[in-house]
Structures are given as C-alpha cells and as structure tokens.
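# For reference, the sequence and a predicted model appear below.
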Amino acid sequence: MSAAPALERRRRLSFLPLAPLAVIALGVATAVVVAWVGLGQLDEQSHAAAQHRAQLLSAALAARLQATEPEAKPAVIARAAERSGLSVALLDEGGAVVHQSGDAPFDAAEDWVLSPSGSGKLAVHAELASVRPDPSSLFASVAALTWILVGAAALVAFAIARDVRSDVAYVERRITEMAREDREPAGKLIPARTIDQVGRLTVAFNGLVERFTAAERAYRQDLAGALAYDRDRSAFLAALSHELRTPLNAILGFADVLLAEVDGPLGADARENLEVVRSSGQHLRELIDDILELSALESGELELSPQTVDLWSVAEDVVREARINAQDKPLEVVLDGEPLEIWGDARRIRQILANVVGNAVKFTREGKVTVSVEAQSERWAKISVRDTGPGIAPEDQASIFDEYRQAGDVATRRAGSGLGLAITRRLLQMHDGSIDLESSLGEGSVFRIFLPRQAPAPKAEEAQA
C-alpha cells in the first residue's frame, strides 16, 4: 500500500476533538494532585493529633497512676487505652515495659517519659495508627472535586470547540459562496473574526484572494488588449488583401493575355520572362491567401459547411492536379483504394488533401507519390499520402506542423510560406480529425489523415448515451 492514502488520512485527521480531551485530562490530573496533597496533609495532621493526645493522656495517666496502688495500675491503663483508642505502655526507670495495653512493639522515639514525684520514672507510649481518621470523607470530597473539575473542563472544551467549529463553518460558507458559478471569480475578502489559527488561515486566504484578483485584473487587461490587437490585425489584413489582390490580379490577367499571344507571337526570352511574372504572381497570391486563411482560423471567423462528401471524387481531382504539377520531373502520382463517403466541408477537405499531396509532389524529385483512400473503421476514414522523397528528420517532424516552418536546412527548402501543414492541422481539428507522420531520412514519408465518416451525434444524445 502506498503512503499517499495514509498521508491523506493524516491530513483529514482533525485535532479539534483533542482539545476537550486535553482539558478533561488536565482537570483529572489537577484532582489527583489535590488528593495526593490532601492525603499528605491529613497524615501530618493525624500524626500531630496523635502526639497531642499522647501528651494529654500521658499527663493525665501520670497524675492518676501516682495515686493508684501498684496492683490497680494495669486496670487503670487498660481502661485509659480502651477509652482513648490508643495503645498504652507503662515503662520503668530503665525503659523496660512494666505493663502495656496491647501486644504491638513500641518505639522509644514515640515514648512520652513522665517524671512523677518519688522514685522511678513513668513512660507512656501511644500508637499513632490507631488515631488516624478514616480518609473516606477526603476521597469523597476529592471525587466530588474531580467531577466538578471534569464538568467545568467539559463545558470549557465544548465552548471552545463550538467557537472554533463556528469560525471554521463561517470561513467554509464564505469560500463556498465564492466558488458558485454566478459569483465573481475573484470573490470578496473574508473578515477575520479571531486571532487564532482560523484567523491566520483567513488572513492567508485573503492574501491569496487579493493575488488572484490582481491576476484576474491583469488577465482581463491583457485579454482586452489581445482582442483589440486581433481586431486591428483583421482590419489590416482585410485592407492589405484588397490593396494587394486588385493589382496582383491585374498583373496575372495581363500576363495570361500576353502568353496567349493575342497581340502577336512572343519570343523565347519574352515568354520566359512572362512565365516568371505569372509564376511569381501566383506564388504571391497563394501566400496572401494562406495568411488570410490562417488569420481567420486563429480568430475563429472561419466556419464549416459540413455535408456528405464523396472522398474518392475529391481525391481524384487532387491527384489529377498533382499529376499536372509533376509533369516536369520523373514522378508518378497514383491513387488507389475504394470509393468512400465522409462527413465534412467539401471545400476544406479538398484543401487538406491538396496541401498534403502538393507537399509530397513539391519535395519528391523522382519516384512515386501514392494516395490511398480506405475505411479505417465504421467511424473513421483514412487517407494515406506516401512519397519517395528525402524524408524528414525525427527532430523536425513535430515542428513542420507549426506556422512558417519547413523541414530541413535552407538549401533543401522549396518555395512556400510554411503555412500549408499548419492550416491543414487546424482544419482537421475543426472536423474532429487528425494527422500523423511517419518518416525517416532517405526513405520518404507517410502522412495519414483521419476524418469522420458520419455526422457527430447531438450533444443531448451524447449526454443520454
């Protein structure tokens, strides 16, 4: 078993119930100390009382025994011992016991020596144990005191626990209110009502709320700035598109007219120059279109028009155009697979295939480009584009889907904006599809595109399912 659950259990353990127990234990300990001190004082008082009684009894017996006949002295001692509850001994001048009322031995330190008139000395000894009072009354008092202390401790502990629980419940209630969806994310500060741990926790939480409020304020400012920047960028790109496309279309139109030799035949140099103008103009127009389309994707302005699409027909059109572009090099473009229908935007799906197949034709000097259409499952269709090009290094395979990035070094790159695959991935994400790559240097590349075959289920039906 891992230590994580145990740590969680220890964290959930509340020390609040231990406060009443600590107070009650303190009360019991106080009662025990009071009882111990009381018993000690009672013992000392009993000892002093016994000594005092022995002194009084010795004085009384000494006076009486002096006037008593020797044969009557034992009877007098016995009656005195019986009435007083003490053990009494009569000693001679040498300390020997002449007569005693009990069988217990005597300690010379506890003897009271009397010096009566006449010859000889009398000594009376008193047993202190026999004069100790019954401590049951003290135990009863201590027990009563213990219960009183325990009760008081319980009341104090209950009051403390109730106050602490009330403070914790108050803080919890305020935090719960702050977490509601209809409240402001930052929330309001919680008044600190105590100076104990709960108060310190409240102050710390208020500090966190203030930091979160400042972060939210900064986020809103940044968001407002980003939205304003996005609006300005969209307006700029729209104006740029209009200002660039109009003269660019005019240039391309005049180039097409001249290439058609409407005004007469063209020389070889003139035709070559016009072809360069036309090719450069088309490249610039494609670059402008890619930038505008990426901007629309990033801002969320691009919307799809999904419908049932004949994927095989779209693939045929794309392959036909790719064959035309590959006429100038020893490259074969092949389409295989099976007729298949999918769900999506026909125009955007054609753009996805054109980007991937166009890249394969662009970067493959010779060999073969194969486009395969097949059903991956009942839900997904798969389009594979395999080429015999130079391949892509493993460290470049993730970056080629980023904006304005091409694989390889500068010497091996082809003309282009580096936006084709970035736009392709974003369009696939809008279709709930995906794209992956398998490639090795010198062995070509395989791009696999996955698109849904059916329309997605409504959200209500998905929730019920």
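Thanks, I have the structure now.
# which stretch of helix or strand covers residue 450?
strand 445-452 (DSSP states H and E).
# partners of that strand in the sheet?
Partners of strand 445-452 in the sheet, by DSSP bridges, are strand 380-387 (antiparallel), strand 434-439 (antiparallel).
# What segments of this structure are strands?
When assigned using DSSP state E, the strands of the chain occupy the ranges 89-91, 97-100, 111-114, 122-125, 307-310, 331-337, 341-344, 367-375, 380-387, 434-439, 445-452.
# mind checking pLDDT for residue 378?
For residue 378, the model assigns a pLDDT of 89.
# Name the nearest residue to it, sequence neighbours excluded.
In this structure, residue 378 finds its nearest non-sequential neighbour in residue 453, 7.1 Å apart by CB to CB, 6 or more residues apart in numbering. Every residue, glycine included, has its C-beta placed from N, CA and C.
# what's that neighbour in contact with, if anything?
If a contact means CB atoms under 8 Å, 6 or more residues apart in numbering, then residue 453 has 340, 341, 342, 343, 375, 378, 379, 380, 381 as its contacts.
# From the residues you listed, keep the buried residues only.
For the contacts of residue 453, a neighbour count by 16 or more other CB atoms under 10 Å gives the buried set as 340, 342, 343, 375, 380, 381.
# And the nearest residue to the fifth one once chain neighbours are set aside, how close does it get to residue 456?
Here the nearest residue to residue 380 in space, its sequence neighbours aside, is residue 450; by CB to CB, 6+ apart that works out to 5.2 Å. Summarising the geometry, the distance separating residue 450 from residue 456, computed by CB to CB, to the nearest Å, is 14 Å.
# Between those two, point out the one with more neighbours.
For residue 450 versus residue 456, neighbours defined as other CB atoms under 10 Å are more numerous around residue 450 (18 against 12).
# For the more buried one, give its distance to residue 336.
From residue 450 over to residue 336 the distance is 18 Å, taken as CB to CB.
# Tally up the residues packed near residue 324, please.
Residue 324 is flanked by 10 other residues according to other CB under 10 Å.
# pLDDT weak spots in the stretch 1-150 of the chain?
Low-confidence segments of the stretch 1-150 of the chain, defined by pLDDT under 70, span residues 1-21, 23-24, 27, 50, 84-88, 90-139, 142.
# try the stretch 151-300 of the chain
Low-confidence segments of the stretch 151-300 of the chain, defined by pLDDT under 70: 181-187, 194, 196, 299.
# which residues of the stretch 151-300 of the chain fall in helices?
Along the stretch 151-300 of the chain, counting by DSSP state H, counting those that start in this stretch, helices occupy 197-259, 268-299.
# got those helices as JSON lines, with distance to residue 322 and mean neighbour count columns?
As requested, these are exported to JSON lines (distance: least, CB to CB, whole Å; neighbours: other CB atoms under 10 Å):
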{"stretch": "helix 197-259", "distance to residue 322": "22", "mean neighbour count": "13"}
{"stretch": "helix 268-299", "distance to residue 322": "15", "mean neighbour count": "15"}
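# would TSV of these with distance to residue 28 be doable?
Converted to TSV, these look like this (distance: least, CB to CB, whole Å):
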stretch	distance to residue 28
helix 197-259	26
helix 268-299	73
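# Looking at those helices, spot the one closest to residue 54.
helix 197-259 (61.8 Å; CB to CB).
# sorry, back to before: out of the buried ones among the contacts of residue 453, which is nearest to residue 199?
Distance to residue 199, by CB to CB, is smallest for residue 380 among the buried ones among the contacts of residue 453, at 58.8 Å.
# Bridged to that closest one, which residues?
Assessed by DSSP bridges, residue 380 has beta-bridge partners residue 452.
# Domain map for the chain?
The record's domain parsing of the chain by automatic domain parsing lists 11-183, 188-302, 304-462.
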